[in-house]
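Student: Okay, here's the prediction I keep looking at, along with the sequence it came from:
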Amino acid sequence: MEERKKLDWSRFTVNLPLDVQKEDIINAWMTQEALEKWFLKLAEFTTPNGEKRKRQEQIKPGDAYRWQWFGWPETVEEHGKLLNPEQGEFLRFQFGKAGKVGVSIVQEHGQTILRLIQENIPQDEESRMNFYVGCKTGWTFYMLNLKSILQNGPDLRNKRSELQMD
């Protein structure tokens, strides 16, 4: 029987192959307007001096964010800060209490792959379920929605407020 590697609950990776230009993938993450097309209901960013970024203005390390999702009450928000990207990343941020997220584009076997790594996930049982399982499931869905949007497909998000998540 094959030996199984012990699961590292402190981090996960989601890879998504995409057949679109690298610049289009990066641009989908870099403004409030772009993030609201595939990911968030609200993606507000504030500069380190406290000025709210314009909807089409590029976000930068040091910015603080306030995010809301479709399907959740407006009281459910995530707050965090954009960090300096590490090697190969085009975006990195503190994802509330759920750890840090780095986003990059890699080429493997001639394929463009969007890679998201969430790390520094707390190790208590509740965090394993909420952040490892919950966030990995969420990122998988939203990245597939990004692929659908970039390839001129439908927006897969539930935008009907009467159909709440739990």
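Tutor: The structure has been received and is ready for your questions.

Student: May I see the buried residues of the top helix by length along the chain?
Tutor: If you go by DSSP state H, the chain has its longest helix at helix 134-150. With burial defined by 16 or more other C-beta atoms under 10 Å, the residues of helix 134-150 counted as buried are 135-136, 138-139, 142-143, 145-147, 149-150. For the C-beta atoms, the positions are set from N, CA and C on the backbone; glycine is no exception.

Student: Please verify my assumption that residue 32 contacts residue 39.
Tutor: No - the criterion here is C-beta atoms under 8 Å, and residue 32 misses it with residue 39 at 10.6 Å.

Student: in the helix or strand bottoming out on mean pLDDT in the chain, what counts as buried?
Tutor: Of all regular secondary-structure elements in the chain, judged by mean pLDDT, DSSP states H and E, the least confident is helix 125-127 with a mean of 93. In terms of neighbour count (16+ other C-beta under 10 Å), helix 125-127 has its buried residues at residue 127.

Student: Please shift the residue numbers so they start at 691 in all later answers.
Tutor: Sounds good: first residue 691 from here, last item helix 815-817.

Student: mind listing the strands for the protein?
Tutor: Here the chain has its strands, by DSSP state E, at 702-708, 732-736, 754-758, 768-773, 779-784, 790-798, 801-809.
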